[in-house]
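Visitor: One predicted model, sequence on top.
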Amino acid sequence: MNCFVVFRSYKQEDESFCKKLLKNGVMSLINPTYNEILVRGITFEIPIFMIVIILILFGVPLIHSLLVMPIVASIIYITLYAKFLNKANEIQKEVSNIPRIYMSNNSSCFWVAEVYEKNSLNYSQRDQEYILMTEEEFNYSDIDISSYIKKIVGTIALCKNNRIPNGAWIKRLYVHKDYRKKSIGSFLLNVALEFSIMQGYNRVNIVISEYRKDAKKLCIRKGFELYLCYKKPVFRSLITMLVYELTYQINYYINENFMALDPYYAYYILNS
């Protein structure tokens, strides 16, 4: 067995690895966001062109006038970088408090996906299939891990949603870019959804920006549906991005009689 992934609850020694992973996840969205802003930024491109024309009319050399465009683009990138860095720092502070935020009671939890690879494994060999297992399956497998290196490549969290009665939030869903397309994200979602069912939640929501297209597609394949869609300011109201709140309905009530229409919940009922 060359590669396998263990999905388990967060441990205190995971803190530094989760901080680095989630920070890289936030910062990796800068370039896609910036490129999309430039493509769709008609609201600020027109004023810039007007400024360039005015400068030319006032006798400013063309080359100097055109410098306005890269200067503004640089200011936008620097501002965007600062906003994302601030968000990454907020998440790192949250990671430091995972035991208190997500592990202090039975209504919430934080999980990691930990990959085990042979020491001799090179980058090209990562294309092979990875065996996915829970922590319980790993403990029963009796695998000799002395020749393996391990690292955390994915995270997910679930906590109570105070806005929706008996609802929950999925947060911090992220998989390292080198380990995507291996069903790790799908398994993480399964772990969180099964936990929400065990805790008796009726609905699970997740918020995803328009720049995380793969995460959105994954959630929709899992049965999530659109709950809300709204614009979030990037640069005040001048530049915005779309944010999707998706929802996963676990059970339904009809005439005060309970019906288990969800496959996860039906499985839980049948095996409880």
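Guide: Perfect, I can see it now.
Visitor: so where do the helices sit in the protein?
Guide: Assigned by DSSP state H, the helices in the chain fall at 15-27, 30-40, 42-57, 62-66, 68-96, 98-101, 135-141, 184-198, 213-221, 263-271.
Visitor: Minimum distance to Thr247: which of the ones you listed has it?
Guide: Closest of these to Thr247 is helix 213-221, at 9.6 Å (criterion: C-beta to C-beta). Every C-beta, even on glycine, is put in place using the N, C-alpha and C of the backbone.
Visitor: What helices and strands are in contact with the closest one?
Guide: Applying 3 or more C-beta pairs under 8 Å, 6 or more residues apart in numbering; DSSP states H and E, we find helix 213-221 packed against helix 184-198, strand 203-209, strand 239-249.
Visitor: I'd like the average pLDDT over the last one.
Guide: Going back to what we said before, that points to strand 239-249. Over the span of strand 239-249, the pLDDT mean works out to 89.
Visitor: Direction included, what does that strand pair up with?
Guide: Here strand 239-249 is paired, per DSSP bridges, with strand 203-209 (antiparallel), strand 225-235 (antiparallel).
Visitor: Provide the contact partners of it at residue level.
Guide: 33, 36-37, 41, 43-44, 76, 193, 202-211, 216, 219-220, 222-234, 262 (C-beta atoms under 8 Å, 6 or more residues apart in numbering).
Visitor: Over to the shortest one?
Guide: With contacts defined as C-beta under 8 Å, 6+ apart, strand 203-209 is touched by 29, 158, 161, 164, 166-171, 173, 192-193, 196, 215-216, 219, 224, 227, 232, 241-250.
Visitor: starting at the chain centroid, how far to that strand?
Guide: The chain centre lies 10 Å from the centre of strand 203-209; the measure is C-alpha atoms, centre = their mean, to the nearest Å.
Visitor: related to what we said a few turns ago, can you select the buried ones among the contacts of strand 239-249 for me in ChimeraX?
Guide: One line in ChimeraX is enough to select the buried ones among the contacts of strand 239-249; burial here means 16 or more other C-beta atoms under 10 Å:
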select :33,37,41,44,76,193,202,203,204,205,206,207,208,209,210,211,216,219,222,223,224,227,234,262
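Visitor: per-residue confidence for Ser120?
Guide: So Ser120 comes in at 57 (pLDDT).
Visitor: Over to Ile78?
Guide: At Ile78, the model reports a pLDDT of 91.
Visitor: just Arg180 next, same as before
Guide: Looking at Arg180, its pLDDT reads 91.
Visitor: ditto for Arg163
Guide: Turning to Arg163, the model gives it a pLDDT of 89.
Visitor: can you tell me how far it sits from Tyr174?
Guide: Distance from Arg163 to Tyr174, counting by C-beta to C-beta, to the nearest Å: 23 Å.
Visitor: Same drill for the two, tell me which one is more crowded.
Guide: Between Arg163 and Tyr174, counted using other C-beta atoms under 10 Å, Tyr174 has the larger neighbour count: 23 against 8.
Visitor: Run a quick neighbour tally on the spatially closest residue to the more buried one that is not a sequence neighbour.
Guide: Distances taken as C-beta to C-beta, 6 or more residues apart in numbering place Gly25 nearest to Tyr174, at 4.3 Å, with adjacent residues excluded. Neighbour count for Gly25, taken as other C-beta under 10 Å: 20.
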